[in-house]
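K.L.:
Fold the following and give me the result.
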Amino acid sequence: MTASSQSLGLDATLAAAIDRHDVPGASLALLVDGEVHVAAAGLLSRATGVEATPDSLFQIGSISKTFTATLAMQLVDRGELSLDTRVADVIPGFRVGDPRATAQTTIAHLLTHTSGIGGDAFIDTGRGDDAVAQAVRAYAYLGQDVPFDSRFSYSNAGFVILGRVIELVCGRSWDAVLRERLLDPMGLERACTLPEEALLHRAAVGHIGEDPQPAPAWVLPRGLGPSGLICATAAELLEHGRLHLHDGRSAAGEQLLSAESARAMREQRASLDGLTGVGATGWGLGWMLREWDGCRVFGHDGGTIGQFAFLHAIPARGAAIALLTNGGLATDCFRDLARDLLGRTCGLTLPPDPEPLPGGEVDPALAGVYEAIGNRVEVAAGDGALHATIVPTEEHGELFGEELPPAVELRPLEPERGIYAGRAPHVLEAGTSWVPVTFPRIAGEQYVHFGGRALRRVG
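P.N.:
Numbering: from 1, shown residues only. Model prediction:
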């Protein structure tokens, strides 16, 4: 079956979804039966009233990591790197706070978020071509969120370090390498990394708050580029997904990545067991891995300052979906669209969201203060429940300009395994579904794990 965009009703479907979930604007691209279907709805900014169109740029956030991972695997194909290459052998004077992580972190550790290096250090190192290099130098103080090579813990800093490795091997800025080796060969003419490039096109503005309004800042510091600063249209983002669906072959027939490397990126390297609040069961080399209706799925989500992006591909069905949004309950919007469109076009049923146990007991011994680089959570026990307060860091306040709600109630999901669930729109995610929050013990210490991050109890 080949469904036309009109028969799919994409425009009306998207418009209804963003209205239902208070998303100011969105762009959608769907690959089914070898055809790409696109739609857009809503506004790029509620302040200006400019309409979203299929050629509008949105920030794809952390999906940028999959582009950086692809660049790294291209270097593996060329024999200029290997997964076992140590970062310290490429970056002169490389240092983080932990001596073992300094000496032993490899490319594989960075790609799979298993280095343990503190992840959310949002350091502004200027707007020059040396911003990534300066950020990595500043990471000399970074401690470990978890012990080296012990457990998955999502690390933005790890991908900035990987971007610096790419810069040194290629002799150019990450932005330039990305343009030369991926964006241009794939024909992504609008995709870009710098705000002055985005301004040449229709560009979305992020919106924050329960009544989403334009955010006070548009972009994260340039030094975070390899971790999350690409802007693209939904169709361009989908093309990146299709490159990997086709084992590294572009739409023009050029082999930009070896089939072996493309397949290796989709193989599980770190187990998550679906318990980290990112909805994945495992992690490959850059890709988060899921299973929907018995089918393996690879993809990634992204979030910046009031913008949220989603890309997921189902190899067994030859299908992929990309959604770009600029605020509101974007995660709920994506889930509704994916369930509807993939159900209609592929016969795919997405798994249900987790539901906590009614009347389950909580463990008051889990109360305490938990910290990681850039994150602090205070967990209290009372009234038969756990309550988590996410304390905004100074960096968060400067970038996002808002105070987070005071507390999230955590209800038992699998309490015997330390697994709870929280529901707090605009806090745990941009949606209303229950999100797993786990309390593992790592190397004899108590942690809380949510949103992919592990935070150690410090009090």
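
K.L.:
From now on I want contacts and neighbour counts done on CA atoms only, so please keep to that.
P.N.:
Fine.

K.L.:
isn't residue 384 right up against residue 361?
P.N.:
Yes. Counting by CA atoms under 8 Å, residue 384 touches residue 361, with 6.9 Å between them.

K.L.:
give the contact list for residue 445.
P.N.:
Residues near residue 445 by CA atoms under 8 Å, 6 or more residues apart in numbering: 456-457.

K.L.:
if I look at it, how far off is residue 412?
P.N.:
21 Å (CA to CA, to the nearest Å).

K.L.:
Settle it for me: which of residue 384 and residue 361 has more neighbours?
P.N.:
The neighbour count for residue 384 versus residue 361, taken as other CA atoms under 10 Å, is higher for residue 361 (16 against 13).

K.L.:
hang on, that one is in a strand, isn't it?
P.N.:
No. Residue 361 sits outside any strand when classified using DSSP: H, G, I helix; E, B strand; the rest coil, being coil.

K.L.:
what's it in contact with, if anything?
P.N.:
384-385, 412, 415.

K.L.:
Okay, it and residue 386: tell me how far apart.
P.N.:
Counting by CA to CA - residue 361 and residue 386 are separated by 10 Å.

K.L.:
Next SSE downstream of the helix or strand of the chain with the lowest mean pLDDT?
P.N.:
Least confident element among the helices and strands of the chain, by mean pLDDT, DSSP states H and E: helix 394-400 (a mean of 56). Counting by DSSP states H and E, the next helix or strand C-terminal to helix 394-400 is strand 408-414.

K.L.:
Outside of that next one itself, list whatever touches it.
P.N.:
Counting by CA under 8 Å, 6+ apart, 354-357, 360-362, 385-389, 419-424, 436-437 sit against strand 408-414.

K.L.:
Please apply the same query to stretch 204-221.
P.N.:
So stretch 204-221 is contacted by 22-24, 44-47, 52, 56-59, 122-127, 195, 229, 304-307, 326-328, 399-402, 426 (CA under 8 Å, 6+ apart).

K.L.:
Please state the mean pLDDT value computed over that stretch.
P.N.:
The average of the pLDDT scores along stretch 204-221 is 94.

K.L.:
can you tell me which of the contacts of stretch 204-221 are in strands?
P.N.:
Among those, the members falling in strands (DSSP state E) are 58-59.

K.L.:
quick revisit: what's the most distant pair in the contacts of residue 361?
P.N.:
Greatest spatial distance among those (CA to CA): 384 and 415, at 13.0 Å.

K.L.:
Give me the number of neighbouring residues for residue 45.
P.N.:
21.

K.L.:
ok, now residue 293?
P.N.:
If we define neighbours as other CA under 10 Å, then residue 293 has 11 of them.

K.L.:
can you check residue 120 too?
P.N.:
Applying other CA under 10 Å, I find that residue 120 has 19 neighbouring residues.

K.L.:
what's the pLDDT at the residue of the chain positioned farthest from its centre?
P.N.:
Residue farthest from the centre of the chain, counting by CA atoms, centre = their mean, is residue 383 at 34.6 Å. Residue 383 carries a pLDDT value of 81.

K.L.:
now the one 3 residues further on
P.N.:
The pLDDT attached to residue 386 in the predicted structure is 91.

K.L.:
For it, grab phi and psi.
P.N.:
phi -100, psi 140 (degrees, to the nearest 10).

K.L.:
Strands - which of the contacts of strand 408-414 land there?
P.N.:
Short answer: the contacts of strand 408-414 in strands (DSSP E) are 385-389, 419-422, 436-437.

K.L.:
How far does stretch 423-440 sit from its chain's centre?
P.N.:
Computed by CA atoms, centre = their mean, to the nearest Å, the separation of stretch 423-440 from the middle of its chain amounts to 15 Å.
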